[in-house]
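Undergrad: Structure, please.
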Amino acid sequence: MFSLNHFLQKLTHQKSWRFIAIILIVATLAIACNNTKITTTSETPNTPEPDTLIWARYRDSDTLDPHKSTSPLSRQIIDQIYDTLLTFDEQGKIQPNLAKEWSVSENGKEYTFKLNENVKCHDGTTFDANAVKFTIDRAINPETENSTKDSWGPIETVEVVDNLTVKVKMTEAFSPFPRFLADSYSSMICPSAIETYNDKFGIDGVIGTGPFQFVEWTQGEQLVLEANPNYKNYGRLVENSGTPYIQKLVIKTMPEVEARLAALKSGEVHLIEPPITEVSNLKQESNLKLYTAENTGQIVFLEFVTSRPPFDDKKARQAVAYGIDVKKTTEEVLAGLAKPSECAIADVMFPNDGKLCSDFSIKPDEEKAKTLLSELGYSEDKPLEVTLLSWKGGNREKILENFQTQLEEVGIKANLETMDIGSLNARIKQENSQAEGNGVIDMMGWSWYDPDFLYTLWHSPGWMDGYHSDELDKLLTEMRTATNSKERQEKVVEVQKYLLDNAVMVPLYSPGWMWNYVSNSDVEGLKLGVFNRPQFNDVKLLTATDKKEAVKSPTSSEKEEVEQEVNSDATDKKEAVKSPASSEKEVVEQEVNSEESLENQDSVASPENE
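TA: Prediction:
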């Protein structure tokens, strides 16, 4: 008969305990194996839907209302949803678009536009002269609080002549007007959009006539657009005259550079804008395509606080211009990705006389810089102390460091500060309001479609209350009211002469920000329009079938080798993504920080000033 007491007594022996322990372990393992489900994890990335292009960006748009935003990120999307009355060719010259023709009166105060017939809005309503009047009236209405209101000019009335003809009357001549009508911020809105979305227009939905139409938007995550089935191209520089080839365009927000790069390489996304520090590395990858925007209209330059000494004196400003070597700095820091600028405006804005700019711009000359500083009372024992400011990102910190070293050689001690663009603008305005303090220089960037941005910068009271003069005011007013192109070009030249001769601004380089794009090899047909405008009308996405047809099927032995190489490459890439070298991490972290610093860019006076 079984006795529990007797059994327990036996267990007191050491060997028995060992035996029981082994039995318990085996039993536990058996139970675990019997009850636990074996799961496997797949490292296969999320594959985009067929004919859907995924574009990952570091931050989201603020709004899709062209009258409520000056953000370059919003501008990129606005350009996909809407069309403009006019457009630009590859050299920045005005071409027809929604308006098939236009004319201007002799006195430059009246513009007449004739529209193309049967243009349809995304909701099926007709785009006509009433829609043009609606858009312009809304844009210039003070209640709209449009940041680009002044760019429309001194409009007095907008008159609908007939369904396809509209007339705009100005109180005075305003020559930049036609060029503004080719810029994304003049995009034409369908009146039904405001009726549908009211004060939520631009957030809950939008209605335009462009190649893509709004589907849904989860702010901070992703925006979904789909191809406009009724689209007809009247002026965009693309080959496809109708509906885009891709069915959807999805714009994802991915703040971290490392995550965007990994997603691109894994095939989770098709397109990103890479940090400048990564461009040279990405060029070496055969499965990626690099796109560099040309004729961006961007220019980076130095400007000065002139409300107090020393930069209220032209000699001090000229000494700084003589003391820096822009060509050497851009070659060292930007590695050929940007070109030194001698003119105050980018060529694409208006025909530039390169020789004139070369004649009037200040070239590096240490001795001239030292002489000017000596005349102002500075010496080796008494150097000129200044603060040199800029906004973060784009290797601008390294550019400042180069300038700091160069200026020290001529007797200028520069203390460097970088910050986000909103803080920089606030700092400049504050410094311009103070009559005492050290000299301040800031490195600023600006992008626009016309030389009229010089009016915004330097006409009284001056941008951020900066430099202005009666003589310059007169020249700037004449430049924007000139009624024919020859006269206007002469005025543009005169304004540039004044700015360069007086070292009001010191041109540095162009482009300056967000001008590189990289896609994977699936993307074909992407074009970058003038003024840095991505065009997706011609884009096609290669499928696995397309790729197989492009490459002859290998024999079985060759196939095994190919598959082994692919798997090996994939493993290498995963390891590289999981564990970047310390120096690579530093680069990525720096770029993340610099991109996050753009959060306040919408407070800037000028669209595109980042």
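Undergrad: any idea how far Gly445 is from the residue positioned nearest the centre of the chain?
TA: If you average the C-alpha coordinates of the chain and look for the closest C-alpha using CA atoms, centre = their mean, you land on Met514, 4.2 Å from that point. Plainly put, Met514 is 10 Å away from Gly445 if you go by CB to CB, to the nearest Å. All C-beta spots, glycine's among them, are computed from the backbone N, C-alpha and C.
Undergrad: Return the set of buried residues in stretch 129-148.
TA: The neighbour-count criterion (16 or more other CB atoms under 10 Å) identifies 129, 131-136, 138-140, 146-148 as the buried residues of stretch 129-148.
Undergrad: One more: stretch 168-177?
TA: By neighbour count with 16+ other CB under 10 Å, stretch 168-177 contains the buried residues 168, 170, 173-177.
Undergrad: hmm, back to that, once you drop chain neighbours, what's closest to the residue nearest to the centre of the chain?
TA: Across the structure, with CB to CB, 6 or more residues apart in numbering as the measure, the residue nearest Met514 apart from its sequence neighbours is Glu273 (5.8 Å).
Undergrad: That neighbour: how many residues sit nearby?
TA: The local packing of Glu273 (other CB atoms under 10 Å) involves 22 other residues.
Undergrad: same check, this time on Thr543
TA: 12.
Undergrad: Please apply the same query to Tyr234.
TA: Tyr234 sits with 17 neighbouring residues when counted by other CB under 10 Å.
Undergrad: hang on, it packs against Lys100?
TA: Yes - counting by CB atoms under 8 Å, a contact exists between Tyr234 and Lys100, whose distance comes to 7.2 Å.
Undergrad: Need the overlap of contacts for those two.
TA: Common neighbours of Tyr234 and Lys100 (criterion: CB atoms under 8 Å, 6 or more residues apart in numbering): Asn116.
Undergrad: show me where the stretch 451-600 of the chain has helices.
TA: If you assign secondary structure with DSSP state H, counting those that start in this stretch, the helices in the stretch 451-600 of the chain sit at 453-458, 470-481, 485-501, 544-550, 556-578, 582-596.
Undergrad: just the stretch 201-350 of the chain next, same as before
TA: Using DSSP H, counting those that start in this stretch, helices in the stretch 201-350 of the chain cover 257-266, 279-283, 314-323, 326-334.
Undergrad: same for the shortest one, what does it pack against?
TA: Packing partners of helix 279-283 (3 or more CB pairs under 8 Å, 6 or more residues apart in numbering; DSSP states H and E): strand 288-292, strand 516-520.
Undergrad: How about the third one?
TA: Contacting helix 314-323 under the criterion 3+ CB pairs under 8 Å, 6+ apart are the following elements: strand 298-304, helix 366-375, strand 384-391, helix 396-410, strand 412-419, strand 505-510.
Undergrad: CA-only coordinates of it in PDB, if you can.
TA: Extracted in PDB, the C-alpha atoms of helix 314-323 (Å, rounded to 0.1, in the frame of the first residue of the first chain):
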ATOM      1  CA  LYS A 314      29.900 101.600 -45.000                       C
ATOM      2  CA  LYS A 315      33.600 101.000 -44.400                       C
ATOM      3  CA  ALA A 316      32.900  98.400 -41.600                       C
ATOM      4  CA  ARG A 317      30.500  96.500 -43.900                       C
ATOM      5  CA  GLN A 318      33.000  96.600 -46.700                       C
ATOM      6  CA  ALA A 319      35.800  95.400 -44.400                       C
ATOM      7  CA  VAL A 320      33.800  92.200 -43.600                       C
ATOM      8  CA  ALA A 321      33.100  91.600 -47.300                       C
ATOM      9  CA  TYR A 322      36.900  92.000 -48.100                       C
ATOM     10  CA  GLY A 323      37.700  89.700 -45.200                       C
END
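Undergrad: This protein - how does it break down into domains?
TA: Domain assignment for the chain, taken from automatic domain parsing, gives 52-294+517-535, 298-510.
Undergrad: Make a markdown table from these and add distance to Thr543 and mean pLDDT to it.
TA: Conversion of the domains of the chain to a markdown table gives the following (distance: least, CB to CB, whole Å; pLDDT from 0 to 100):
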| stretch | distance to Thr543 | mean pLDDT |
| --- | --- | --- |
| domain 52-294+517-535 | 8 | 96 |
| domain 298-510 | 33 | 94 |
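Undergrad: export these to CSV and tack on distance to Leu542?
TA: Converted to CSV, the domains of the chain look like this (distance: least, CB to CB, whole Å):
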stretch, distance to Leu542
domain 52-294+517-535, 5
domain 298-510, 28
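Undergrad: isn't the residue nearest to the centre of the chain right next to Gln76, touching?
TA: No - if you go by CB under 8 Å, Met514 and Gln76 don't touch, sitting 9.0 Å apart.
Undergrad: contacting residues around Tyr185?
TA: The neighbourhood of Tyr185, defined by CB under 8 Å, 6+ apart, consists of 66-67, 70, 75, 78, 148, 151, 607.
Undergrad: Among those, name the ones in helices.
TA: Those of these mapping onto helices are 75, 78, per DSSP state H.
Undergrad: for the stretch 501-610 of the chain, which spans come out with low pLDDT?
TA: Segments of the stretch 501-610 of the chain classed as low confidence (criterion: pLDDT under 70) are 544-610.
Undergrad: switch the cut-off to 80
TA: Low-confidence regions of the stretch 501-610 of the chain, defined by pLDDT under 80, span residues 543-610.
Undergrad: Spit out the contact partners of Ile324.
TA: Neighbour list for Ile324: 364, 403, 406-407, 506 [criterion: CB under 8 Å, 6+ apart].
Undergrad: Tell me, how many residues neighbour Pro178?
TA: There are 17 residues near Pro178, going by other CB under 10 Å.
Undergrad: typo on my end, it should be Ser433
TA: Ser433 has 11 neighbouring residues, counting by other CB under 10 Å.
Undergrad: hang on, isn't it packed against Ser307?
TA: Yes - with contact defined as CB under 8 Å, Ser433 counts as touching Ser307 (7.0 Å).
Undergrad: In helices, which of the buried residues of stretch 129-148 fall?
TA: For the buried residues of stretch 129-148, secondary structure assignment (DSSP H) places 129, 131-136, 138-140 in helices.
Undergrad: quick one: which of the residues you listed is nearest Val300?
TA: Proximity of these to Val300 was ranked by CB to CB; the top entry is Ala139 with 29.0 Å.
Undergrad: wait, the closest one sits on Asn146?
TA: Yes - with contact defined as CB under 8 Å, Ala139 and Asn146 form a contacting pair (5.4 Å).
Undergrad: overlap in contacts of the two?
TA: Contact criterion CB under 8 Å, 6+ apart; residues bridging Ala139 and Asn146 by contacting each: His67.
Undergrad: Show me how far stretch 387-404 is from its chain's centre.
TA: Computed by CA atoms, centre = their mean, to the nearest Å, the chain-centroid distance of stretch 387-404 equals 19 Å.
Undergrad: what's the closest of the helices and strands packed on helix 314-323 to Met464?
TA: strand 298-304 (9.2 Å).
Undergrad: what comes into contact with stretch 157-165?
TA: Applying CB under 8 Å, 6+ apart, the external contacts of stretch 157-165 come out as 112-117, 128-130, 132-133, 136-137, 166-169.
Undergrad: now that stretch: how far from the chain's centre is it?
TA: With CA atoms, centre = their mean as the basis, the mean position of stretch 157-165 lies at 35 Å from the chain mean.
Undergrad: could I get it in PDB with only the CA atoms?
TA: As requested, the backbone C-alpha atoms of stretch 157-165 are provided in PDB (Å, rounded to 0.1, in the frame of the first residue of the first chain):
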ATOM      1  CA  THR A 157     -10.800  96.000 -58.700                       C
ATOM      2  CA  VAL A 158     -11.200  92.500 -60.300                       C
ATOM      3  CA  GLU A 159     -13.800  92.500 -63.000                       C
ATOM      4  CA  VAL A 160     -15.400  89.500 -64.700                       C
ATOM      5  CA  VAL A 161     -15.700  90.500 -68.400                       C
ATOM      6  CA  ASP A 162     -17.300  87.100 -69.400                       C
ATOM      7  CA  ASN A 163     -17.000  83.500 -68.300                       C
ATOM      8  CA  LEU A 164     -13.500  83.200 -69.700                       C
ATOM      9  CA  THR A 165     -12.100  86.800 -69.400                       C
END
